[in-house]
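J.: sequence unknown, structure follows:
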């Protein structure tokens, strides 16, 4: 089949971009990728091997970096035309906003969506979190709340044009149900994709550092992890914390650097290569994962594939699978108001626990199996 895939922005090395890349690498179909933003320097270099078509002016790159200004992508969606008559199916990769592309681009009966999550900014828990932690200016708060109400109306209308929706977790599916988006649709939870080949033959070691791999973004909460670390390292000065990930917002990174300078034994690795990240996994003592209500999150499963202990927040799309396959090798951090204190307690608990993790790979997450499922749905609807 010939498929048009739309993903709004290829601008970082996040989970959504990783999913698109693994799909392109493993699908048996002929795929063209359409996007508003393609930042070659900041996303995966492997995208250069595929047919990427940018359908927005350069200013879109600036809008994509701003949490608030992304709302301006709606008029851009109305102007974006994809020649769908040339394709057998239309595949949308969305975490919110991308579905607006259907207002001008719709393949009758053959419009599919992979839903990383319905727009997080419009979810009740995220609205409360954003108002408390992200937005301080009263006028910006009012604009945000107004934009959310407009978005919900547009969201419902756009979703009427989606025929089949794949969700990356039951958490994302529940979010869609709460917004009444999935009526009269075929819906499936399809976990993944995890690139396991790079982990299979690794011989791991255990050095004295904890590893946190995530994009540098407010919702990933590296700042709160550093607050916990400051207390932990005073009591246990022989340990080190490594923060590694791609740069999402420079101002937040500066905040992290300032916090890191106020404590000790912290290393920040920005835009580390795949090889460097793999080396960090191989040698770490444990992997720490603390984002706010992560939709799915592949980092815990990469830790499992390396046979590393996991220290993770107990709310997110990944939790049910980790509890099923890796619970005895996981220290759970209680989500709540005093998260820094809860992280500190979990780190101390880890030192006292005698975890003996084994390499664990969940077959349903393997990239080839994930893509095979998606390919089958394209063929049979």
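T.: Alright, I've got the coordinates. Note that the structure is predicted; figures quoted are calculated from it, not measured.
J.: For the rest of this, base every contact and every neighbour count on C-alpha atoms.
T.: Will do.
J.: now the strands for the stretch 151-300 of the chain?
T.: 164-167, 186-189, 209-213, 240-245, 266-270, 286-289 (DSSP state E, counting those that start in this stretch).
J.: Contacts for the fifth one, please.
T.: Judged by C-alpha atoms under 8 Å, 6 or more residues apart in numbering, the contacts made with strand 266-270 from elsewhere in the structure are 240, 241, 242, 243, 244, 245, 246, 247, 257, 260.
J.: Now flag whichever of those residues is closest to residue 342.
T.: Using C-alpha to C-alpha, residue 241 comes nearest to residue 342 of these, at 16.7 Å.
J.: For the strands of the stretch 151-300 of the chain, give me TSV that also has mean pLDDT.
T.: Output for these, formatted as TSV (pLDDT from 0 to 100):
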stretch	mean pLDDT
strand 164-167	97
strand 186-189	95
strand 209-213	98
strand 240-245	96
strand 266-270	96
strand 286-289	98
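J.: For those strands, state which one has the densest average packing.
T.: For the strands of the stretch 151-300 of the chain, the stretch with the most neighbours on average is strand 286-289, a mean of 26; neighbours defined as mean count of other C-alpha atoms under 10 Å.
J.: Point out where this protein drops to low pLDDT.
T.: 59-77, 381 (pLDDT under 70).
J.: Walk me through the domains of this protein.
T.: Domains of the chain are assigned by automatic domain parsing as 2-193+366-380, 197-363.
J.: which element is residue 16 on?
T.: Remark: residue 16 resides in helix 15-26, with elements defined by DSSP states H and E.
J.: which element follows that helix toward the C-terminus?
T.: Of the helices and strands lying after helix 15-26 in sequence (DSSP H and E), the nearest is strand 30-35.
J.: now that following strand and helix 15-26, what's the angle there?
T.: Computed by axes from the mean of the first three to the mean of the last three C-alpha atoms, to 10 degrees, the angle separating strand 30-35 from helix 15-26 equals 160 degrees.
J.: Determine the set of other helices and strands touching strand 30-35.
T.: strand 2-6, strand 52-54 (3 or more C-alpha pairs under 8 Å, 6 or more residues apart in numbering; DSSP states H and E).
J.: Find the one among the ones you listed with the highest mean neighbour count.
T.: Per-residue neighbour counts averaged over each of the helices and strands packed on strand 30-35 give the maximum for strand 2-6, namely a mean of 20 (mean count of other C-alpha under 10 Å).
J.: what pairs with that strand, and is each one parallel or antiparallel?
T.: The partner list of strand 2-6 in its sheet, established with DSSP bridges, is strand 30-35 (parallel), strand 89-94 (parallel).
J.: Could you dump those into TSV with mean neighbour count and distance to residue 322 added?
T.: Supplementary listing: the strands paired with strand 2-6 in TSV, determined by neighbours: other C-alpha atoms under 10 Å; distance: least, C-alpha to C-alpha, whole Å:
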stretch	mean neighbour count	distance to residue 322
strand 30-35	18	32
strand 89-94	24	24
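J.: what about residue 292, neighbour count?
T.: As a burial measure, the neighbour count of residue 292 was computed by other C-alpha atoms under 10 Å and equals 17.
J.: Surely it touches residue 222?
T.: No: applying C-alpha atoms under 8 Å as the test, residue 292 and residue 222 come out as separate, 10.6 Å apart.
J.: all helices for the chain, in order.
T.: For the chain, applying DSSP state H gives helices covering 15-26, 59-64, 73-79, 124-129, 138-159, 170-178, 197-200, 222-235, 250-261, 274-283, 299-306, 319-326, 339-352, 367-380.
J.: List the buried residues in the longest one.
T.: Pointing back at helix 138-159 there. Within helix 138-159, the residues that count as buried by 16 or more other C-alpha atoms under 10 Å are 141, 144, 148, 151, 154, 155, 156, 157, 158, 159.
J.: go on, the last one?
T.: If you call a residue buried by 16+ other C-alpha under 10 Å, then helix 367-380 has these buried ones: 367, 368, 369, 370, 371, 374, 375, 378.
J.: neighbouring contacts of it?
T.: Judged by C-alpha under 8 Å, 6+ apart, the contacts made with helix 367-380 from elsewhere in the structure are 1, 22-23, 26-29, 89, 110, 190-196, 363-364.
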